[in-house]
Each structure stands twice: as structure tokens, then as C-alpha cells.
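> coords please:
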Amino acid sequence: MISNTRIGILGGGQLGKMLVQAGSRWDLDMWVMDKDLTYPAAKVTNQFIIGDFKDQDLVYQLGQHVDMLTIEIETINLEALIKLESEGKEIYPSPKAIGIIKDKGLQKTFYKDHQIPTSSFELVENATEIRALVEAGKIQPPFVQKARREGYDGRGVQIINSKSDLHLLLDVQSVIEEKVAIEKELAVIAARNNKGEIATYDPVEMVFHPTANLVEYLVAPANIATDVKYKIQTLAKSIIEQFEIVGLLAIELFITKGGELLVNEVAPRPHNSGHHTIEACRTSQYEQLLRVMLDLPLGDPSILRPAVMVNLLGEPDHHGETYYEGLEKCLGLKDVFLHLYGKAETRPFRKMGHATILDHDLQPAMEKAKFVRQTLKVVS
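The predicted structure follows:
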């Protein structure tokens with residue numbers, strides 16, 4: 001019986017919370033590890049283990065207690081997962097894939113080695129090396145600097161538009177990428193099971209916050225031609241196969257002004273670009289991952305109705321205990337589904353929740369999404 005299978009989740013943030021919520025529909029035995037009980041997933045399970053998922057011993061102990069493990073973030077202790085896998089434990093995705101993807105330099109090198117289209121790049125050790133390369137004319141602004149490890153939600157990314165911005169450089173091992181002229185920013189999620197079968201969701205379009213460098217709105221499906229959709233889904237199938245991932249893979253892409261399709265980054269887990277699937281698709285990304293792990297048939301990823309997802313971000317200049325303003329007005333709207341993550345502390349631009357708006361047409365859905373964004377304020 002699937003309900004007797006113990007599933008371990010490394011990470012108790014909003015992704016872990018929503019995975020537990022999906023599992024509760026099937027009465028699954030799910031165990032979550034994160035640093036303390038303030039994390040969102042602690043509110044939806046009493047099987048929350050307080051511990052640092054970067055600690056090798058603690059991760060190994062959890063792995064021995066459960067039948068299988070998955071992640072909600074890549075910055076986990078990889079050595080423990082490698083040891084557990086060598087002892088026969090099921091890990092989704094494989095530690096090998098996590099090891100490549102958690103390092104953006106190894107990611108970009110993987111794309112180059114496997115002829116996956118991506119922007120040109122250089123790997124550098126620190127800010128001093130970047131300045132020297134700029135002075136030598138080997139790198140010229142504008143370019144994007146990305147920390148190789150532990151960057152997320154806009155952190156660990158610096159855009160250098162001119163030499164006058166060089167004081168903004170991060171002094172860490174980095175990837176320096178060409179700043180491409182972008183027409184659209186897109187994402188697609190693929191799932192692959194142990195039999196090698198693959199299901200892909202419809203590509204979505206992402207609209208980024210003008211200053212926070214993270215997604216503000218997500219439009220599903222993306223407004224792209226049918227042949228472009230097919231090309232993206234075909235590329236997604238190829239990438240998840242080349243990484244040999246059994247699980248989920250979220251792929252972020254650019255369409256350039258010249259019409260070129262380039263892969264930006266990937267994540268081997270549930271992803272912000274798939275939150276809308278809970279209400280908008282026949283099978284959510286969270287249920288899909290559980291189907292893969294439990295060796296159940298892949299679910300139908302097709303979209304039921306057009307949707308717009310809006311991230312609910314902490315208001316600028318607000319630090320402290322979380323309060324929500326405007327909740328009643330938003331809940332009064334038809335087909336607006338609110339997800340409040342339950343983070344105890346708000347900070348400027350921190351992801352505190354999201355709303356998914358369904359409609360038969362994207363234009364009224366976007367109008368409602370903008371109303372939610374302007375009305376529902378996360379303050380302290």
C-alpha cells in the first residue's frame with residue numbers, strides 16, 4: 001500500500017508544505033526536515049524533524065528512517081545522499097543530477113557539453129578576476145554575474161550594465177553570462193518516471209518584478225506559437241533524459257529578440273513556475289512528483305483553464321511579524337485561489353504566498369491578478 005511508504009522531504013519551506021498537502025490526499029506518510037518549527041511545512045504535518053539538511057549525519061539518519069527521499073531545495077548535504085543511494089535508498093532526483101544542478105557553473109558546462117542551447121559564459125573565481133578580464137577586454141559589459149552556489153529568488157545575481165557598475169560585483173566563484181536581448185522569459189516543467197516515460201506541462205510566461213529580480217506574475221499558457229510550444233516541450237524531454245532525472249525538472253528559458261531559444265537555468269524539484277498547476281491543471285506538479293516516486297502512472301498535465309499566478313511578496317521597508325492586509329477583498333473575487341505560506345517573518349520582496357486566478361480568457365485573469373497584487377499587502 002502506498003500509504004505505508006515513508007517519504008522524506010529535505011526542506012520545510014512552501015514547496016515542502018505543498019508537497020505534504022498533495023500527499024495528504026492519499027494519506028501518505030511524509031516526514032519533513034528543516035531547521036525549526038517556524039517553517040511552513042511544520043504547520044501541515046506532525047512528522048516534522050528539526051534539523052539542518054546541510055548536516056551529513058542528520059540527512060543520513062532521516063534517510064535510514066524513510067523508504068525514499070526527495071528535496072525542495074538543492075543546497076542539501078550531497079554526501080549523505082550519495083551514501084544512501086549506494087546502500088539502495090531511493091533518492092528523487094539522483095544525487096548525481098543534484099550535484100551538477102546545484103552548481104551553476106557545472107550546469108552551464110553541462111549545457112555546452114550536451115549541445116543544449118544557452119547563452120555564452122565564462123567561469124571565474126572572484127571579483128578581482130572579473131575586473132582583470134574586463135580591463136583586458138576579454139569580458140565587456142553588459143553581462144550578468146551569477147554566484148555558482150546557493151543563489152535563489154534573485155539573490156546571488158548581479159547585472160553589470162557598464163564599467164561604472166563593477167563595484168557591485170559579488171566576490172564569489174561565479175558564472176559570467178552574456179546579457180542577451182530577451183523577448184520573453186518562459187518556463188516548462190517535465191516529469192520522468194522509472195520507465196523513462198515523460199510528461200510535459202504547457203510552457204508558461206514569466207513577468208519579473210522590475211527591481212527584485214524574481215517572478216511577479218506567471219501566465220499559463222504562454223502566448224507563443226504552437227511550433228514554439230512543441231520545440232520547448234521537445235527540448236524539455238531531451239534535457240530531463242540527458243540529466244537522467246527520475247522526478248521533476250523545471251526549465252527556465254529565454255526567447256531572444258532574434259527568435260533564438262536559450263536555456264537559462266533548471267531546478268530538479270517542484271518550482272515556483274508550477275504553482276498554478278494545483279488549480280489550473282488536471283495533475284499538479286506536486287502530485288506528479290509523488291506519482292513518479294510511488295511508481296504510479298504519470299498524471300495528465302493538461303491545463304483546464306487559462307491562469308495567472310501572482311507571487312505575494314513582502315512589502316518594501318517591512319521587517320518583522322507577518323500581517324496580511326486586503327485579504328477580504330481578494331477572497332471576494334471569483335476563481336481567486338490564495339496560498340499563504342505561513343512564514344512567521346516578512347522581509348522586503350520575500351515570497352510570502354501566491355494567488356492563482358482562473359478564467360476562460362487570460363485578459364480578465366490578469367486584471368484580477370493585478371488587483372490582488374495591488375490590494376493584498378504583506379506587512380509587519
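
> which strands or helices does the helix or strand residue 206 falls within pack on?
Assessed by DSSP states H and E, residue 206 sits inside strand 204-208. The contact analysis (3 or more Cβ pairs under 8 Å, 6 or more residues apart in numbering; DSSP states H and E) places strand 204-208 against strand 182-192, strand 215-220. The C-beta positions use only the backbone N, C-alpha and C, and glycine is treated the same way.

> which one of the ones you listed lies closest to residue 355?
Checking these against residue 355 by Cβ to Cβ gives strand 215-220 as the closest, at 10.2 Å.

> who does that closest one pair up with?
strand 204-208 (antiparallel), strand 307-313 (antiparallel) (DSSP bridges).

> what sits up against that strand?
Contact with strand 215-220 is made by 187, 202, 204-209, 272-273, 275-276, 280, 303, 306-311, 313, 362, 366, 369, 373, as judged by Cβ atoms under 8 Å, 6 or more residues apart in numbering.

> now the end-to-end length of stretch 208-223.
By Cα to Cα, to the nearest Å, the extent of stretch 208-223 from end to end equals 16 Å.

> in it, which residues are buried?
Across stretch 208-223, burial judged by 16 or more other Cβ atoms under 10 Å covers 212, 214-222.

> again with stretch 370-380
Residues of stretch 370-380 classed as buried under the neighbour-count rule (16+ other Cβ under 10 Å) are 371-373, 376-379.

> now stretch 128-146
Neighbour-count burial for stretch 128-146 flags 129-131, 133-134, 139, 143-146 (criterion: 16+ other Cβ under 10 Å).

> and the buried residues of stretch 208-223, which two are furthest apart?
For the buried residues of stretch 208-223, and using Cβ to Cβ, no pair is farther apart than 212 and 221, which are 24.7 Å apart.

> most remote residue from the protein's center?
Most distant residue from the mean C-alpha position of the chain: residue 136, 36.4 Å away (Cα atoms, centre = their mean).

> of all the helices and strands packed on strand 204-208, which lies closest to residue 81?
strand 182-192 (18.6 Å).

> for the closest one, packing partners?
strand 198-200, strand 204-208, helix 226-242, strand 247-256, helix 285-293.

> could you give the average pLDDT over that strand?
In this model, strand 182-192 has an average pLDDT of 97.

> so for it, what gets flagged as buried?
Buried residues in strand 182-192, counted by 16+ other Cβ under 10 Å: 184-192.

> could you find the closest non-adjacent residue to the spatially most central residue of the chain?
Nearest to the geometric centre of the chain sits residue 271, at 3.0 Å (Cα atoms, centre = their mean). The shortest distance from residue 271 to any non-neighbouring residue, by Cβ to Cβ, 6 or more residues apart in numbering, is to residue 250 (3.4 Å).
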